[in-house]
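Peer 1: Would you be able to build a 3D model of this:
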Amino acid sequence: MLTVPSDPPGPPAITGMGEGDTLQAGERRNVTCTSLGGNPRPSLIWYRAGRLLDDSYKPVVQERSVRTINTLELLATEADDGVVLECQAASDLLHLPLTANVTLSVYCEWTPFICCEMSFATSGWRHLSHHISYPLDYFLFMQKKKITNDQS
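Peer 2: Modelled structure (predicted):
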């Protein structure tokens, strides 16, 4: 009787995007998840914020080593800023999938939105508020002739 050895897969590793890397909104980036070994081969599955994103993977043989890869073509959007991408290596030989993840940082060009509002209280005090939107919260308050800056 022929016995085929079973071997659990190695932990997944993510390349093409690392912690601290910043993408520009609209930028395309190939992000690859790789797991070495495993018999049977693991399933490599990408998740975005906990939701299935891509479950296509393939084994690659190079000089006596076998690895499984899943390459994700990512198109960065504003909504991706702060989102966690996770790759899971699942196998019948594992109780729980092995995981690797990266948090996306997406830079978005922005045009300041400036709004001003002036109100008069019954006491006669004038109040001017001025707000410049994302990414800087900045308020300028002017009451009578006193000007204060508050960046809290």
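Peer 1: hey, which helix or strand in this protein has the poorest pLDDT?
Peer 2: Every helix and strand of the chain was ranked by mean pLDDT, DSSP states H and E. The lowest is strand 138-143, at a mean of 37.
Peer 1: any idea how far residue 66 is from residue 89?
Peer 2: Here residue 89 is placed at a distance of 13 Å from residue 66 (Cβ to Cβ, to the nearest Å). Just so you know, the C-beta spots here come from the backbone N, C-alpha and C atoms, and that holds for glycine as well.
Peer 1: which one of those two has more residues nearby?
Peer 2: Legend: neighbour count by other Cβ atoms under 10 Å for residue 89 and residue 66, higher for residue 89 (28 against 16).
Peer 1: So the more buried one, which state does it fall into?
Peer 2: strand (DSSP: H, G, I helix; E, B strand; the rest coil).
Peer 1: do the same with residue 56
Peer 2: Following three-state DSSP, residue 56 is assigned to coil.
Peer 1: That one - nearest residue in space that isn't next to it in sequence?
Peer 2: residue 70 (6.4 Å; Cβ to Cβ, 6 or more residues apart in numbering).
Peer 1: Go ahead and confirm that neighbour touches residue 44.
Peer 2: Yes: counting by Cβ atoms under 8 Å, residue 44 is a contact partner of residue 70 at 4.0 Å.
Peer 1: ok so, going back, and the residue nearest to residue 56, how many residues sit next to it?
Peer 2: By other Cβ under 10 Å, 23 other residues sit near residue 70.
Peer 1: Using PDB, write out the CA atom coordinates for the helix or strand containing it.
Peer 2: Assigned by DSSP states H and E, residue 70 belongs to strand 65-75. The C-alpha coordinates for strand 65-75 follow below in PDB (Å, rounded to 0.1, in the frame of the first residue of the first chain):
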ATOM      1  CA  SER A  65       9.500  23.600  -3.600                       C
ATOM      2  CA  VAL A  66       5.800  24.100  -4.000                       C
ATOM      3  CA  ARG A  67       4.000  27.200  -3.100                       C
ATOM      4  CA  THR A  68       0.400  28.300  -3.500                       C
ATOM      5  CA  ILE A  69      -0.300  31.900  -4.600                       C
ATOM      6  CA  ASN A  70      -3.200  34.200  -4.900                       C
ATOM      7  CA  THR A  71      -2.600  37.600  -6.600                       C
ATOM      8  CA  LEU A  72      -5.100  40.300  -6.100                       C
ATOM      9  CA  GLU A  73      -5.200  43.300  -8.500                       C
ATOM     10  CA  LEU A  74      -6.200  46.100  -6.200                       C
ATOM     11  CA  LEU A  75      -7.600  49.400  -7.400                       C
END
